[in-house]
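Asker: With the sequence up front, the predicted model follows.
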Amino acid sequence: MRLPREDRYDLIEPLLPLVEKPSRYLDHEWGAETDQSGPFHVCLMYPDVYEVGLPNMGLAILYRTLNAQPGMSCERGYLPWVDMADLIRERDVPLLSLECSAPVASFDVVGFTLAHEMACTNILESLDLAGIALLAADRDEDDPIVIAGGPSVWNCEPVAELFDAVLLGDGEEGIVDMCACVRDGRAAGLSREELLRSLARIPGVYVPSLYEVVVDETSTRWGYARPLPDTPAPEVVLKRSYADLSQSDPLPQTIVPYMGVVQDRLAIEVLRGCARGCRFCQAGMSYRPVRERPFDQVVDACREGLAITGHDEVSLTSLSTTDHSQCAQILHQLNADARERGVRVSIPSQRLDSFGVEMAAEVGGAKKGGLTFAPEAGSQRLRDVINKNVTEENIDLAARNAFENGWRRMKLYFMMGLPTETDDDIVQINQVADRVLEIGRDVVGKGPKSGVSVSISVAVFVPKAHTPFQWAGQLPLEEVRRRQQLLLHSCPDRAIRISYHDAEVSLVEAALSKMGRAGLRLVMAAWRRGCRFDAWTDQFSFERWVEAAREVGLDLEDIAAESFDLDARLPWEHTSPAVSKGFLKREWRRAAQGMTTADCTMETCAGCGVCPTLGVENLIAGERHAAS
Amino acid sequence: MRVSAMQQASPQPRLRVRYKKDGRLAFLGHLEVINTHNRSIRRSGVPFAVGNGFARRMRLQFSQALPVGASSECEYFDLMLTEKIEASRALEMLVAATPAALAPQDAAYVDRSLPALEAWLTRALWRVEFLGRDVDAAALDQVLAELRGEGDLEYLRGDKPKHIDLSSALVGWTLDEVDGRQVMSLETRSSNAGALRPQVLLDAAFARMGASEAEAGAPALRVARVGQWHEADDGHLVNAL
């Protein structure tokens, strides 16, 4: 039932002395939108705690965009931490928005960020705390329209039935279209069903209730979705793509939090998309094409952003910032501006070549902390399989360059369980680390006083939808554990520190990434058993997930390890980032042959299909640097 | 304590600012208050000085931490500037860039050689309101006197046992009726050994009070710091500004 819109901070205030971090629930931050007069009200929910959700760039963009629309107001909502969640449930206090402390269930539209698969139980927890029916099918006529979008929409089937509509791709235009459609539909007296049909006509909008799941000999066991007869739902919903990043607001993130948040700095999105073509990377496939924000706009946004927020650090964010054709000029200009004001400039990761180290030197200044590189695989063979396009020579040169430039601590990211991986590939992870360590000792000197250290962090490969590895199964749990032991025991030097991701978390993530709509039974069973905040190590309970799977007759390991036939209709094919299945198949085959594919922003078109399908193109501001 | 004209001419003038902490921002922790002022100062455009260390931090010092949930009318920070601007102008710039519930109230230049605020402001006056129910004023008065007479008070901060010497830290108290509500005024003294928080003292007092109080449970408190001073060697109180 739709709750009345009213300020209920009085319900939260008495609880603040009782919870761990009251500043999560305060609002009134500098830069928050105070005019919430509507009359159309949207609440954007991030299904995790405030300090994780606030820095989210997507949510910030949509918040600014909606609040700029005449007659529309947008507030934020976050999932309360377990202490507050238990208190409000116990005292029958509904989940409230941040700006006006209004019940989330009173809004016209409630939008969720699908950040990653492990947040699925948090969506259920949010809806339940809000008092909104969990299933879209169970909502009343006047209940909020619950929508979703974000980086993890590409197989949203296990949670699809929670949403009235899902927006695929870039949201800055689509969400306005959706909200206007709901507003106008409500004003015209449309029924909820008619409203959903109207939403389905908007490009990029997937309305799950207008599709049925068919399991037949052409599909996997999860079936495929096809539009119900006599509905406007398209067979395949193509994503929205914002054609020219330079036309967007370069400074959407202007809310300054009181509490420490996970990325506590000003963030400027310098480019969107990545065409490097790593075959495991869902973001690399789903955010194409590459669109750079030009030098002037980035520099001006940094200056203005620092002035209006008061942050002492600015981060140039994207999937591959050092690929920006004007990266060197931008960093150089910003550093010249920033040093006198005690401001730091940072970039999220470095390219594995000498250019990457040059850029790291620009951002690091005199202070040399650790430097992180991601070779992803130990052997050249496997790096070619995943299309990492990094050679041993690149790694050695980057390491030597970094040690010579003053860095002492090197962190290397790898993955385990990649398709075609053998024990030799695992052993070679250690060999790469050892080579880097030896280069460090060669440059800096041996002995503990040299300060040279190398650490490696090894994640477990999770096959993701709409990537060339979408047909692969995940390595079985026992085999992951055996290879983790092999990695530990084949380490040649105690100076190399090894850490690896929890195989059980990765297993649940893989199962959620591969399942179809029937996976919702598992998600709901897990949530009913108390699963929430599954991305938090201290909250994740593998036992509960296993019990939940048993309850609904599923086997997590069996789901995660299953590989799909190359010609099978996959559960997510009706929602498309416009990368063609033919391209993905070709990449899968090239992977098997160890053949690499070039980055289309530096060499020729790889034929992924995005540009002709969506009528967009790469927009590169200058000349890109190939690896050197 | 306002600085003389000659001192004002020295490099990196030290601007002292009094600010409040109220409304929902009373629930900010000390680090959160520090970070918020740091950013407000950057936004304000006042010519703040930056340290010479690797981290290039703003030269900014705060008075003693206020407990989470406590409000205040008299918090202070000292900010080193690279150039002297009119204190009233600096105040104006800071007010415009600071959330209202932490708004600066007053500002003036002070002697650069003064000790850090945290160590210098050793005396505080607190106002405590009891929420939900009245307390037995006579019994509370008696228990507080007992506790002070005993001197050492052991309490837990998290899981860690801590000690404070009440014979020094608890200067005095009064319990009055204001607009029909019980309001306690509490004077405390801090030292290198620690500072007394009203909640700690009153938790200990209610735990010791008679069976009827114990059954009722300790009342919720609304705590505000209403004054901070430096206590001179002769015992007289020196204003921070």
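Answerer: Nice, I can see it. Residues are numbered from 1 along each chain as shown, chains lettered A, B, ... in the order given.

Asker: ok, the nearest residue to A:R272 once chain neighbours are set aside - contacts?
Answerer: Of all residues not flanking A:R272 in the chain, A:R291 sits nearest, at 5.0 Å (Cβ to Cβ, 6 or more residues apart in numbering or on different chains). Using the backbone N, CA and C atoms, a C-beta is placed for each residue, glycine as well. A:R291 is in contact with A:242-245, A:271-273, A:618-619, counting by Cβ atoms under 8 Å, 6 or more residues apart in numbering or on different chains.

Asker: These, buried ones only, as a PyMOL selection?
Answerer: The PyMOL selection below is limited to those of those classed as buried (16 or more other Cβ atoms under 10 Å in any protein chain shown):
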select buried, chain A and resi 242+245+271+272+273+618+619
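
Asker: what's around the nearest residue to B:R112 once chain neighbours are set aside, how many residues?
Answerer: With Cβ to Cβ, 6+ apart as the criterion, B:R112 has its nearest non-adjacent residue at 4.8 Å, and that residue is B:R14. The local packing count at B:R14 equals 22, with neighbours defined by other Cβ atoms under 10 Å in any protein chain shown.

Asker: ok, B:R14 - contacts?
Answerer: Contacts of B:R14 were listed using Cβ under 8 Å, 6+ apart, and they are B:3, B:78-81, B:109-112, B:114.

Asker: And the furthest pair within the residues you listed?
Answerer: Every pair in those was compared (Cβ to Cβ); the two farthest apart turn out to be B:L81 and B:L114, at 15.5 Å.

Asker: Check the average confidence over the longest strand belonging to chain B, would you?
Answerer: For chain B, the longest strand by residue count, based on DSSP state E, is strand B:220-231. Looking at strand B:220-231 alone, the average pLDDT works out to 94.

Asker: From the contact counts, what lies against it?
Answerer: The contact analysis (3 or more Cβ pairs under 8 Å, 6 or more residues apart in numbering or on different chains; DSSP states H and E) places strand B:220-231 against strand B:71-80, strand B:123-131, helix B:198-208, strand B:237-239.

Asker: Report how many residues lie close to the spatially closest residue to A:C274 that is not a sequence neighbour.
Answerer: Once flanking residues are discounted, A:C274 sits nearest to A:L319: 3.9 Å by Cβ to Cβ, 6+ apart. Other residues lying near A:L319 total 19 when counted by other Cβ under 10 Å.

Asker: for A:L319, what are its contacts?
Answerer: For A:L319, the contacting residues are A:271-274, A:283-284, A:287, taking Cβ under 8 Å, 6+ apart as the criterion.

Asker: cool, B:D22 as well?
Answerer: Shown in contact with B:D22 (Cβ under 8 Å, 6+ apart): B:71-73, B:101.

Asker: Which pLDDT value goes with it?
Answerer: On the pLDDT scale, B:D22 gets 93.

Asker: who are the neighbours in contact with A:S126?
Answerer: When contacts are counted by Cβ under 8 Å, 6+ apart, A:S126 touches A:45, A:47, A:77, A:79, A:95, A:104, A:112.

Asker: Phi and psi next, for it.
Answerer: For A:S126, the backbone dihedrals are phi -60, psi -50 (criterion: degrees, to the nearest 10).

Asker: next one: A:A606
Answerer: The phi/psi pair for A:A606 (degrees, to the nearest 10) reads phi -90, psi 0.

Asker: Settle this for me: it is touching A:G277, isn't it.
Answerer: Yes. Shown here, A:A606 and A:G277 form a contact pair, counting by Cβ atoms under 8 Å, at 6.4 Å.

Asker: More neighbours: which of the two?
Answerer: In this comparison of A:A606 against A:G277, neighbours counted by other Cβ under 10 Å, the higher total goes to A:G277 at 23 against 16.

Asker: what sits against B:S63?
Answerer: Under the contact definition (Cβ under 8 Å, 6+ apart), the residues listed for B:S63 are B:75-77, B:117-118, B:121, B:228, B:240.

Asker: Likewise for A:R186?
Answerer: Contacts for A:R186 (Cβ under 8 Å, 6+ apart) come out as A:108, A:195.

Asker: Share the number of residues neighbouring A:V427, please.
Answerer: As a burial measure, the neighbour count of A:V427 was computed by other Cβ under 10 Å and equals 17.

Asker: what does the model give it for pLDDT?
Answerer: According to the model, A:V427 scores 96 on pLDDT.

Asker: That one reaches A:S490, doesn't it?
Answerer: Yes. Between A:V427 and A:S490 there is a contact at 4.7 Å, judged by Cβ under 8 Å.

Asker: Next up, the contacts around the closest residue to A:F112 other than its chain neighbours.
Answerer: Of all residues not flanking A:F112 in the chain, A:A148 sits nearest, at 4.4 Å (Cβ to Cβ, 6+ apart). Listed by Cβ under 8 Å, 6+ apart, the contact partners of A:A148 are A:111-114, A:123, A:156, A:159, A:162-163, A:165-167.

Asker: got these as a markdown table, with pLDDT, secondary structure and distance to A:A130 columns?
Answerer: Formatted as a markdown table, the entries for those read as follows, by pLDDT from 0 to 100; DSSP: H, G, I helix; E, B strand; the rest coil; distance: Cβ to Cβ, whole Å:
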| residue | pLDDT | secondary structure | distance to A:A130 |
| --- | --- | --- | --- |
| A:G111 | 98 | strand | 13 |
| A:F112 | 98 | strand | 11 |
| A:T113 | 98 | strand | 15 |
| A:L114 | 97 | coil | 17 |
| A:I123 | 98 | helix | 11 |
| A:C156 | 97 | coil | 19 |
| A:V159 | 98 | helix | 16 |
| A:L162 | 98 | coil | 12 |
| A:F163 | 98 | coil | 14 |
| A:A165 | 98 | strand | 17 |
| A:V166 | 98 | strand | 18 |
| A:L167 | 98 | strand | 20 |
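
Asker: Going by distance to chain B, which of those residues wins?
Answerer: Compare each of the contacts of A:A148 with chain B using Cβ to the nearest Cβ and the shortest gap goes to A:T113, at 24.5 Å.

Asker: got a list of what A:I255 touches?
Answerer: When contacts are taken as Cβ under 8 Å, 6+ apart, A:I255 is in contact with A:29-32, A:54, A:60.

Asker: quick one: buried residues of stretch A:172-181?
Answerer: For stretch A:172-181, the neighbour count (16+ other Cβ under 10 Å) marks A:172-179, A:181 as buried.
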